[in-house]
Structures are given as C-alpha cells and as structure tokens.
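1. Structure for the following, please:
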Amino acid sequence: MIQGLIKKAISPITYFISDSRFTGVLLLTCTIISIFFSNYGNGALYRGFWNYDIHYSLPVHLPHSPLKWINDLLMAIFFLFAGMEIKRELIEGELSTFKRAVLPFAAALGGMIVPALIYSSFNIATPFAHGWAIPSATDIAFSLGIASLFGKRVPASLKIFLMALAIIDDLGAIIIIALFYGEPIKWQFLAMAGVLYGLFWLCNYFKMKPGIIHIILSLLLWYAVFNSGIEASISGVLIAFAIPVHSIPKFEKALHNVVNFFIMPLFALANTAIMIPPDIANSLKDSVSLGIMIGLVIGKPVGIFIFSKAMISLRLAKLPTNTNLKQLLGVGSLAGIGFTMSIFTTTLAFHDEAFRDIAKISIMGSLVCSMFLSWIYFLMLEKKIKRPVYKKTEPSFPTEFALN
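-> Numbers count the residues shown, from 1 in each chain. Next up is the predicted model:
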C-alpha cells in the first residue's frame with residue numbers, strides 16, 4: 001500500500017520530467033539563475049569561472065576554458081543527438097518523402113532567409129555584418145516546450161510541423177556554421193579527420209557492435225576537427241550520420257536525458273553568464289540588437305508564412321491536418337525562439353565580449369517577445385463568438401424548440 005502511495009506521488013513528477021515542457025522550463029530557469037548570479041553579489045567571480053583560463057602541460061591543443069569545453073565538446077554531443085534526429089526523420093520520419101518534407105523545408109528556408117536579410121539590412125555597413133546567421137535559428141526544445149504549454153490551442157499536427165521545421169532549421173544552422181564560421185583550415189588535421197571518419201564507416205561496414213573502438217574513434221575525430229579550424233561541434237553531426245538508422249532509437253534514448261537535463265542547462269548557465277549594462281535600453285537600440293530582435297520576432301513568422309503560402313498556392317504542399325494558415329502564422333511566431341542555436345552562433349560570430357553580451361540579451365528579449373506574442377495570438381484564435389444552437393425535436397406544439 002505504501003509503495004502504491006509512493007508511486008502515485010512520484011508519477012506526476014516523472015511525467016513532468018519526461019514532458020517536453022519541462023525542458024523549456026528548465027532552460028528558462030537556468031537562464032534566470034545565471035543572469036542573477038552574473039549581476040548580483042560576486043557576479044565577476046561567477047562570470048570569471050566560466051572563462052577561467054586552463055593551462056595544459058601536455059603538448060595538445062584543447063579548449064582553454066570551461067565555456068569552451070561546453071561549446072566545443074558538450075555541444076558536439078548535442079549535435080550528435082540532433083543529427084541522429086535529422087537522419088531518422090530524413091530516412092523514415094516526417095521528412096522521408098517529398099510531400100512530407102516540402103512544406104517544413106520551404107518554411108525553414110523562409111525562416112532563415114528573411115531574418116538574415118533583416119539583420120543584414122541593419123548591419124550591412126557595420127563591423128557586425130558577420131552576425132547575419134544569429135536570428136536564423138529555431139530552438140527545438142524551447143519552441144516545442146512552449147507549444148506544449150499552450151495545450152490544445154496548438155494542434156498535434158502543428159507541433160509535428162514545428163518539430164520538422166526546427167530540425168531542418170538546425171540542419172541549415174549546422175551547414176552555415178561549417179561554411180561561414182570556421183577558422184583558417186589546417187589541412188593536416190582535416191586529413192586526419194577524414195581518415196578517422198573513414199575508419200568509423202569501416203566499422204559499420206563490418207557490422208561491429210558499438211563499443212570502446214567507436215568511442216575512441218569519436219573522441220579522436222572530435223580532436224582532429226577541433227584542431228582543423230572547422231567548428232568542433234560539427235563532429236557530432238558526422239558521427240550521427242554514420243550511425244545505422246536502426247541503431248539510432250537506442251542511442252537517442254541513451255542521450256535524451258544527458259542532452260536535455262545536463263548539457264543544455266549547462267550551456268544555458270555558461271552562455272548567459274553576462275553583465276547587464278546599466279544603459280540596457282540604449283544597448284537594445286543599436287543595429288545588432290535591432291537586427292536580431294526584429295529578425296527573430298518578426299522575420300521568422302513572416303518568412304515561414306510567405307514561403308509556406310507560396311508552396312501551398314502552387315499546390316506543391318498541403319497544410320498539416322486539421323490546421324489553417326492563421327495557425328501556421330502562430331507557429332511561425334513560436335519558431336522565433338532561437339535561444340540555443342542563436343547564442344551558439346553568437347559565440348562564433350563575435351569575438352568582442354561586450355557585443356556578445358548585447359547579442360545574447362537581444363536573443364533572450366526576442367524569446368520573451370515571441371513567447372508572449374504567440375500566446376496572445378493563439379488565445380485570440382481560440383476565442384470565437386459562440387451562438388446558441390437550436391435543435392428541432394418532436395414538438396407537442398408546432399412552435400416548440402429545444403435548446404441544445
């Protein structure tokens with residue numbers, strides 16, 4: 001009996017943790033905690049911890065601070081998880097056929113192009129033009145978490161569409177990072193990475209069970225990519241695409257909790273350890289802030305809607321089941337939550353810490369705006385004028401009607 005009571009008490013907690021809403025709440029909580037510790041009391045000590053310069057006695061080149069370890073190594077694991085999701089969806093999921101993939105692909109493309117153009121329009125003649133990709137990203141966990149908080153206001157088919165859109169968005173972000181945000185290439189390390197990646201595929205060819213050899217090859221591949229000048233986290237995507245699709249579900253299951261309840265919260269704590277400037281109102285008026293905030297809050301839904309509407313008008317795609325264009329616009333607003341990928345791109349685009357902080361503040365401001373606007377929007381869609389419906393019954397008098 002006692003065990004039954006304990007099970008009933010723990011069950012709601014287990015359900016809450018397994019729900020996608022928990023990830024969004026957890027990330028938001030970590031962000032608030034990090035900003036609080038960064039700006040009150042010994043804020044400099046807290047911020048300094050993440051940027052502490054680590055010295056190595058070994059003749060190897062490794063990340064030189066806790067922040068770099070998180071962004072270069074742990075985010076490679078995050079990209080491994082995201083990459084497996086992308087591969088599985090492309091082969092046997094929502095993106096496996098042209099008809100299924102065309103609408104979220106078009107929506108994701110519009111959601112990347114329009115925000116990038118908006119940011120560039122504000123910064124094309126400034127030293128910050130390199131940040132054009134910052135407002136192009138959608139955070140899978142946050143956007144789906146908020147969509148879940150909205151309950152039945154967002155139909156299940158729209159949540160699936162949002163997930164597919166965010167997955168493609170992540171793929172686009174990965175390609176952009178690989179092409180535009182790397183350092184000068186060190187060809188010897190790139191060649192080493194190619195050989196190691198070939199060995200990884202060779203293990204698959206001989207159907208070797210995942211084990212210590214795969215782990216060693218993965219770590220060596222990460223080290224080679226890290227030193228090659230290409231963004232180190234890309235190694236996670238390479239490994240993901242080399243994993244057989246039938247093995248992906250068990251790897252996803254193994255990594256789910258690690259990514260959602262350790263890596264992403266740690267990423268949020270480390271990357272939002274920022275000093276809020278006393279003149280924050282003026283800081284948010286500069287070209288970087290305006291480009292990011294307008295790009296995410298307005299550019300994302302507009303780009304998604306325009307490109308989706310075009311594909312539907314051309315009869316190349318159909319709306320998700322039981323949805324309409326008005327609801328699609330609301331989901332576009334949810335896609336304006338960039339957070340993880342936007343902050344990650346910021347760390348690559350800007351080397352000046354002051355402008356990194358301004359960009360991160362803008363991303364967090366955009367998150368709040370997109371959440372609030374999408375909530376108001378779906379609330380307005382839900383409110384319809386309800387008129388009484390009268391149902392005719394077998395009358396005892398000719399004029400008798402019954403109220404339904």
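
2. number of nearby residues for the closest residue to Val102 other than its chain neighbours?
-> Leaving aside its chain neighbours, Val102 sits nearest to Ala317 (4.6 Å; criterion: Cβ to Cβ, 6 or more residues apart in numbering). Glycine gets a C-beta too; all of them are placed from N, C-alpha and C. For Ala317, the neighbour count with other Cβ atoms under 10 Å is 23.

3. Is it correct that Ala317 is in contact with Phe105?
-> No - using Cβ atoms under 8 Å, Ala317 makes no contact with Phe105, being 9.0 Å away.

4. Now do stretch 120-136, average pLDDT.
-> Stretch 120-136 carries an average pLDDT of 93.

5. any idea how far it is from the chain center?
-> Distance of stretch 120-136 from its chain centroid, counting by Cα atoms, centre = their mean, to the nearest Å, is 20 Å.

6. Asp53 contacts His64, correct?
-> Yes - between Asp53 and His64 there is a contact at 5.9 Å, judged by Cβ under 8 Å.

7. quick one: which of the two has more around it?
-> Comparing Asp53 with His64 by other Cβ under 10 Å, the one with more neighbours is His64, at 15 against 8.

8. what's the neighbour count on the spatially closest residue to that one that is not a sequence neighbour?
-> In space, and not counting its chain neighbours, His64 is closest to Ile54: 5.4 Å by Cβ to Cβ, 6+ apart. For Ile54, the neighbour count with other Cβ under 10 Å is 11.

9. what do you get for the one 5 residues further on?
-> A count of nearby residues for Pro59, using other Cβ under 10 Å, gives 5.

10. what's the helix or strand for it?
-> Using DSSP states H and E, Pro59 sits within no helix or strand.

11. measure it to Glu183 for me?
-> Here the criterion is Cβ to Cβ, to the nearest Å. By it, Pro59 lies 20 Å from Glu183.

12. In contact with Thr347, which residues?
-> Listed by Cβ atoms under 8 Å, 6 or more residues apart in numbering, the contact set of Thr347 reads 71, 271, 356.

13. could the residues you listed be laid out in CSV, adding neighbour count?
-> Compiled in CSV, these are given as follows (neighbours: other Cβ atoms under 10 Å):
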residue, neighbour count
Asn71, 23
Asn271, 25
Arg356, 19
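
14. can you list those residues in a markdown table and add pLDDT and distance to Leu26?
-> Listed next are the contacts of Thr347 as a markdown table, based on pLDDT from 0 to 100; distance: Cβ to Cβ, whole Å:
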| residue | pLDDT | distance to Leu26 |
| --- | --- | --- |
| Asn71 | 89 | 19 |
| Asn271 | 88 | 15 |
| Arg356 | 89 | 23 |
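
15. Out of these, flag the one nearest to Met364.
-> Checking the contacts of Thr347 against Met364 with Cβ to Cβ, the nearest one is Asn271 at 10.5 Å.

16. Run through the residues that contact that closest one.
-> 67, 70-71, 343-344, 347, 360 are the contacts of Asn271 under Cβ under 8 Å, 6+ apart.

17. Repeat the analysis, applying 6 Å as the threshold.
-> Going by Cβ atoms under 6 Å, 6 or more residues apart in numbering, Asn271 touches Ile343.

18. and Tyr56, that's in a strand?
-> No - under DSSP: H, G, I helix; E, B strand; the rest coil, Tyr56 falls outside any strand and is assigned coil.

19. Quick check: phi and psi at it.
-> Note on Tyr56: backbone dihedrals following degrees, to the nearest 10 are phi -110, psi 140.

20. low-scoring stretches of the chain, by residue?
-> 1-20, 94, 384-404 (pLDDT under 70).

21. Do a quick rundown of the strands in it.
-> 390-391, 402-403 (DSSP state E).

22. Just give me the neighbour total for Asp279.
-> Asp279: 8 surrounding residues under other Cβ under 10 Å.

23. what are the phi and psi values for the closest residue to Val288 other than its chain neighbours?
-> Among residues not flanking Val288 along the chain, Phe128 sits closest, at 5.1 Å (Cβ to Cβ, 6+ apart). Main-chain dihedrals, Phe128, degrees, to the nearest 10: phi -110, psi 10.

24. Test my guess that Phe128 contacts Leu290.
-> No - at 11.1 Å, Phe128 does not count as touching Leu290 under the criterion of Cβ atoms under 6 Å.

25. More neighbours: which of those two?
-> For Phe128 versus Leu290, neighbours defined as other Cβ under 10 Å are more numerous around Phe128 (22 against 17).
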